[in-house]
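Visitor: Got a predicted structure plus its sequence, pasted below:
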Amino acid sequence: MDPDHPLITVLVALLVLAGMVLLAARPSDEAGPPADEAPAAAAEEEKAPPRAEGGPDGLTVVDAADVVGVGEAELAYDGGIPASVTYPVIPNAEPLADFLKRELDAEVRAFEAASPGAVSFEADWNLTTAGDGLVGVRMTRVETDSEGSKEGYTTYWYDTATAQHHPSTALIAGQEELEELNALVRETVGGKDGGLHPISSLYDSMGFNPDGDLVVEFDAGQVAAASEGRAYAVVDAERAGALLSELGARVRDAATVGVEDFEIPTPPPAGGDGGGDAPVPGELSPTDDGVDCSDPDTKCVALTYDDGPGGRTSELLDVLAEHDARATFFLTGHPVMEHPHTVRRAYAEGHELANHTLNHPDLAALGAGRVRSDLNTVQALVYRETGYPMNLMRPPYGSTDDGVASVTADMGLAQILWSVDTLDWKDRDASTVRDRVLKGASEGAIILMHDIHGTTIDAAGSVIEELDARGYTMVTVSQLLGTTTPGETYRDGVPDTPEEDARADA
């Protein structure tokens with residue numbers, strides 16, 4: 001700078017100094033937070049919950065090491081096949097462990113009873129959710145019989161605050177929502193031979209993936225060929241959200257967050273270990289609250305069909321559905337094995353399922369052990385297909401005695417005979433069957449037919465149409481009779497006269 005101009009030199013120096021001061025005072029867009037705010041921001045970042053583990057096509061997975069004090073128990077099974085079954089034991093969740101012990105024991109017994117060629121049963125567990133007072137336990141089982149091995153799945157839910165356990169269908173708001181879900185799932189898995197229905201036995205393993213999508217999984221061979229293994233459907237979170245119950249929404253929120261040191265801090269409330277009082281979607285009643293057979297203005301009649309399901313039972317179901325009629329199917333074991341999807345459909349459409357033995361013996365000619373074994377096999381077969389525990393049976397040929405009454409009383413089964421016998425097994429003529437039904441029909445009648453005979457199916461349309469025209473309401477046996485007593489015998493739904501009551505009490 002020119003030393004001959006000192007004033008200019010001073011002015012330039014002052015300008016440079018002012019610029020430096022302004023630059024130092026101006027806040028920088030790239031500057032971090034003030035020093036006193038940095039620890040708080042870091043702490044917030046550290047508190048961000050971890051992401052749940054698992055893949056997009058399966059339920060979330062919780063590492064057991066992240067659940068404080070979790071242990072494992074092995075089921076002590078005393079049946080006739082080898083069973084290796086384990087389940088979790090979590091501190092302060094004793095009701096959950098007790099429930100799993102009972103449920104798994106019953107599951108092994110049902111498999112053994114329903115499968116004459118049963119070889120072995122294995123089951124192991126993993127946790128799918130542990131948070132917000134909820135625990136999800138997913139059981140994976142392998143059933144081996146004379147035809148090979150199949151893998152299956154069941155997921156149970158437990159609320160630590162109430163000590164209540166819930167099936168997977170409790171995640172869904174109601175039966176209508178389960179039907180909507182069933183329609184969505186059918187788009188993905190199809191359901192071979194129409195075997196996919198909104199019932200608890202099919203929707204018994206549901207949960208969420210890490211993104212909050214609803215995952216529904218099915219046993220091998222349940223809705224697709226067994227060779228395809230596990231079948232599943234993933235319903236995106238937005239579509240599934242409208243179908244969830246309050247519990248389902250809680251489970252979704254808990255399942256999508258990772259788990260760290262989960263524990264149940266307090267013992268379960270006294271009187272816990274229950275399944276809740278609310279109706280559960282997929283568990284259907286054989287009675288309709290909108291029908292009152294004791295109302296003088298309602299004429300109820302019970303159509304009953306024995307020995308099926310048969311190859312044309314689905315046609316009968318079509319006719320019944322067309323007229324909004326209900327029937328009771330007394331099922332025989334071997335046809336149940338042959339047509340399991342028809343059994344599911346009948347149950348899903350509101351018909352009653354009842355026991356008609358494994359292979360149609362004269363029960364009065366058998367010892368108590370044989371009677372029990374025969375009936376128990378069919379109880380197990382139907383329960384495994386539908387989740388429905390039948391409480392009615394019909395002795396083949398109507399043959400019963402005190403011994404049969406004792407066994408059925410112990411098994412919780414009322415004996416249902418009939419007031420009208422169409423003899424459709426003998427006279428294979430549709431018009432004859434029709435005439436006998438219409439001639440015998442009266443208020444409170446229980447009408448005996450067989451859905452294994454084509455002529456009976458041929459008669460069904462005109463029979464049901466004419467009964468409807470005559471003002472009859474076609475109901476299930478349980479709707480007609482109301483509460484029944486196990487072991488007791490019933491022939492119709494006509495109330496006893498005072499004279500009959502007096503004779504019975506004498």
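Guide: Arrived safely, thanks for sending.
Visitor: All the strands of the stretch 301-450 of the chain, residue numbers only.
Guide: For the stretch 301-450 of the chain, the strands defined by DSSP state E, counting those that start in this stretch cover 328-331, 352-355, 392-393, 414-416, 420-421, 446-450.
Visitor: Distance to residue 57 added to those strands, as a markdown table?
Guide: (Each C-beta comes from the backbone N, C-alpha and C, glycine too.) Shown next, in a markdown table, are these (distance: least, Cβ to Cβ, whole Å):
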| stretch | distance to residue 57 |
| --- | --- |
| strand 328-331 | 36 |
| strand 352-355 | 33 |
| strand 392-393 | 41 |
| strand 414-416 | 45 |
| strand 420-421 | 53 |
| strand 446-450 | 45 |
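Visitor: To residue 173, which of the ones you listed lies closest?
Guide: strand 352-355 (25.7 Å; Cβ to Cβ).
Visitor: what is the mean pLDDT for that closest one?
Guide: Rounded to a whole number, the mean pLDDT of strand 352-355 is 98.
Visitor: so what does that strand touch, helix or strand wise?
Guide: When contacts are defined as 3 or more Cβ pairs under 8 Å, 6 or more residues apart in numbering; DSSP states H and E, strand 352-355 packs onto strand 328-331, helix 340-348, helix 368-386, strand 392-393, helix 477-481.
Visitor: which other residues reach the second one?
Guide: Helix 340-348 has contacts (Cβ atoms under 8 Å, 6 or more residues apart in numbering) with 192-195, 197-199, 201-202, 284, 308-309, 313-314, 317, 329, 331, 336, 353, 382, 385-386, 388.
Visitor: Then the longest one?
Guide: Counting by Cβ under 8 Å, 6+ apart, helix 368-386 makes contact with 109-111, 113-114, 116, 199-201, 331-333, 336-337, 340, 343-344, 347, 353, 355-359, 361, 363, 366, 388-390, 393, 403-404, 406-408, 410-411, 413, all of which sit outside it.
Visitor: Please pick the buried ones from these.
Guide: For the contacts of helix 368-386, a burial check counting by 16 or more other Cβ atoms under 10 Å picks out 109-111, 113-114, 199-201, 331-333, 336-337, 340, 343-344, 347, 353, 355-358, 361, 363, 366, 388, 390, 393, 404, 407-408, 411, 413.
Visitor: Wasn't residue 250 part of a helix?
Guide: Yes. Judged by DSSP: H, G, I helix; E, B strand; the rest coil, residue 250 forms part of a helix.
Visitor: State the distance from it to residue 152.
Guide: With distances taken as Cβ to Cβ, to the nearest Å, residue 250 is found 26 Å from residue 152.
Visitor: Looking at the two, which is more packed in?
Guide: Set residue 250 next to residue 152 and count neighbours by other Cβ atoms under 10 Å: residue 152 wins out with 22 against 19.
Visitor: wait, the more buried one sits on residue 217?
Guide: No. The criterion here is Cβ atoms under 8 Å, and residue 152 misses it with residue 217 at 9.4 Å.
Visitor: In space, what's closest to the residue positioned nearest the centre of the chain - neighbours in sequence excluded?
Guide: Note on the chain: the residue nearest the mean C-alpha position is residue 200, at 1.6 Å, using Cα atoms, centre = their mean. Leaving aside its chain neighbours, residue 200 sits nearest to residue 282 (3.4 Å; criterion: Cβ to Cβ, 6 or more residues apart in numbering).
Visitor: Neighbours of the one you found, how many?
Guide: Using other Cβ under 10 Å, residue 282 has 25 other residues around it.
Visitor: Mind checking which of the contacts of helix 340-348 are buried?
Guide: Neighbour-count burial (16+ other Cβ under 10 Å) applied to the contacts of helix 340-348 gives 195, 197-199, 201-202, 284, 308-309, 313-314, 317, 329, 331, 336, 353, 382, 385-386, 388.
Visitor: residue boundaries of the helices in the stretch 1-150 of the chain?
Guide: Here the stretch 1-150 of the chain has its helices, by DSSP state H, counting those that start in this stretch, at 6-25, 38-47, 94-114.
Visitor: which residues does the closest residue in space to residue 287 that isn't next to it in sequence contact?
Guide: Among residues not flanking residue 287 along the chain, residue 479 sits closest, at 4.7 Å (Cβ to Cβ, 6+ apart). By Cβ under 8 Å, 6+ apart, residue 479 lies in contact with 286, 287, 288, 291, 293, 300, 302, 326, 352.
Visitor: ok, now residue 403?
Guide: 364, 367, 368, 371.
Visitor: State the distance from the last one to residue 360.
Guide: As defined by Cβ to Cβ, residue 371 lies at a distance of 13 Å from residue 360.
Visitor: Same drill for those two, tell me which one is more crowded.
Guide: The neighbour comparison of residue 371 against residue 360 (other Cβ under 10 Å) goes to residue 371, with 23 against 16.
Visitor: got a pLDDT number for the more buried one?
Guide: Among the per-residue scores, residue 371 shows a pLDDT of 98.
Visitor: Now it: closest residue in space that isn't a chain neighbour?
Guide: Closest residue to residue 371 apart from its sequence neighbours, by Cβ to Cβ, 6+ apart: residue 407 at 4.7 Å.
Visitor: Same check on residue 314?
Guide: residue 342 (5.8 Å).
Visitor: What's the local residue count around the one you found?
Guide: Residue 342, neighbours per other Cβ under 10 Å, totals 27.
Visitor: Tell me the confidence at it?
Guide: Residue 342 is given a pLDDT of 97.
Visitor: quick one: it and residue 252, what's the gap?
Guide: From residue 342 across to residue 252, the span is 35 Å (Cβ to Cβ).
Visitor: swap in residue 412?
Guide: Noted for residue 412: a distance of 37 Å to residue 252, by Cβ to Cβ.
Visitor: the more surrounded of the two?
Guide: residue 252 (20 against 14).
Visitor: from memory the more buried one sits against residue 208, does it?
Guide: Yes. Counting by Cβ under 8 Å, residue 208 is a contact partner of residue 252 at 5.0 Å.
Visitor: any common contacting residues for these two?
Guide: Residues touching both residue 252 and residue 208 (Cβ under 8 Å, 6+ apart): residue 214.
Visitor: Low-confidence regions, the stretch 201-350 of the chain specifically.
Guide: Scanning the stretch 201-350 of the chain for pLDDT under 70 picks out 272-278.
Visitor: isn't residue 363 right next to residue 400, touching?
Guide: Yes. Using Cβ under 8 Å, residue 363 is in contact with residue 400, at 6.4 Å.
Visitor: now what about stretch 176-190, what contacts it?
Guide: Contact with stretch 176-190 is made by 169, 172, 191, 196-198, 203, 214, 216, 218, 223-224, 231-235, 239-240, 242-244, 281-282, as judged by Cβ under 8 Å, 6+ apart.
Visitor: List the residues that contact the spatially closest residue to residue 481 that is not a sequence neighbour.
Guide: Here the nearest residue to residue 481 in space, its sequence neighbours aside, is residue 493; by Cβ to Cβ, 6+ apart that works out to 5.3 Å. Neighbouring residues of residue 493 by Cβ under 8 Å, 6+ apart: 293, 300, 302, 444, 445, 446, 480, 481.
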